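Participant: Give the three-dimensional model of this entry:
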Amino acid sequence: MSRPPREPRVVFGFHAVLARLRADPASVLDLYLDESRHDARIKDVAATAERAGVKVLRVPTKRLDGFNGGGRHQGVLARVEVKSLSHSLDDILDQAQGPPLLLLLDGVTDPHNLGACLRVANAAGAHAVVAPKDRAAGISAAVSKVAAGAAESTPYLMVTNLARTIDELKERGIWVVGTDERADQSLYQADLPEAIAWVLGAEGEGMRRLTRERCDLLVRIPMRGEVESLNVSVAAGVALFESVRRRSLPKP
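Facilitator: Sure, this is the predicted structure:
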């Protein structure tokens, strides 16, 4: 029995819409532009859509507000097909160029935090972002906007059992390194491997006990000021780009 087609998803904001138009224009069903805007950014989006053969509709601001529940759409909104993930984490790792670099999120349920994590993971060249189905935000219009196109290009996999996924990564020779403010070593002191999966928990709560216990190594981000913790997306950036920095060093 075939599954019914999924309802289209709304993507809004200049970065997210342009990213989808450039990466997969065939998936864009309709593009709605604020009829009161005629600036260069709007014209760029319209021209990109027209070159790709995407239908462009000029509509009142109130109609865009209705699509997006009053969110900040910037006068640009698209309805896009939601495609089922045809790849698994195994497929991604089998096809990875160079040592795997992954970001695992345990308990990140805020769409804005997820969007920011996807953006930084994409910037660092991470192969995928992984989260448990029961404690994670899904991809939504808000996530796509914050991710600024990364939600359309960086695989985001929601797994049934994060602990089992960690075990499978370790069987592949990938080190699983968690960030924990109570860890003895800082991430700058630790001997980090190239094939690595960084694990971060939600700000304040951190990782679950089972997730923490499965990590090969726990490190902390040294804090020099008065604040005790970083936003999860900032911490993800610090960790991922430390791996990027080390990979760029000359080999001994």
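Participant: mean confidence score for the longest helix along the chain?
Facilitator: Looking across the chain with DSSP state H, the single longest helix is helix 232-247. With pLDDT averaged residue by residue, helix 232-247 scores 95.
Participant: ditto for stretch 109-129
Facilitator: For stretch 109-129, the mean pLDDT works out to 91.
Participant: Please verify my assumption that residue 232 contacts residue 204.
Facilitator: No - judged on Cβ atoms under 8 Å, residue 232 makes no contact with residue 204 at a distance of 9.6 Å. Using the backbone N, CA and C atoms, a C-beta is placed for each residue, glycine as well.
Participant: more neighbours, those two?
Facilitator: Ranked by neighbour count (other Cβ atoms under 10 Å), residue 232 and residue 204 place residue 232 first, with 25 against 9.
Participant: Could you measure from that one over to residue 76?
Facilitator: Separation of residue 232 from residue 76 (Cβ to Cβ, to the nearest Å): 28 Å.
Participant: how about low-confidence regions in this protein?
Facilitator: For the chain, applying pLDDT under 70 flags the ranges 1-8, 68-71, 82-87, 139-152, 252.
Participant: residue ranges for the helices of it, please.
Facilitator: Taking DSSP H to define them, one finds helices in the chain at 14-23, 40-51, 61-68, 89-95, 111-124, 141-147, 162-171, 209-214, 232-247.
Participant: For the fourth one, name the packing helices and strands.
Facilitator: The elements that helix 89-95 packs onto, with contact taken as 3 or more Cβ pairs under 8 Å, 6 or more residues apart in numbering; DSSP states H and E, are strand 128-132, strand 156-159.
Participant: so what strands line up beside the last one?
Facilitator: I take that to be strand 156-159. strand 128-132 (parallel) (DSSP bridges).
Participant: before we move on, the earlier item: and of the helices and strands packed on helix 89-95, who's closest to residue 15?
Facilitator: Counting by Cβ to Cβ, residue 15 lies closest to strand 156-159 out of these; the figure is 16.8 Å.
Participant: Need the residues that contact the closest one.
Facilitator: The contact list for strand 156-159 (Cβ atoms under 8 Å, 6 or more residues apart in numbering) reads 85, 88-89, 92, 118, 128-133, 136, 138-139, 165.
Participant: do stretch 25-39 as well
Facilitator: Applying Cβ under 8 Å, 6+ apart, the contact partners of stretch 25-39 are 8, 17, 20-21, 42, 45-46, 49, 52-61, 63-64, 67, 75-81, 83.
Participant: Give me the buried positions along it.
Facilitator: Residues of stretch 25-39 classed as buried: 25, 27, 28, 31, 32, 33, 34 (neighbour count, 16 or more other Cβ atoms under 10 Å).
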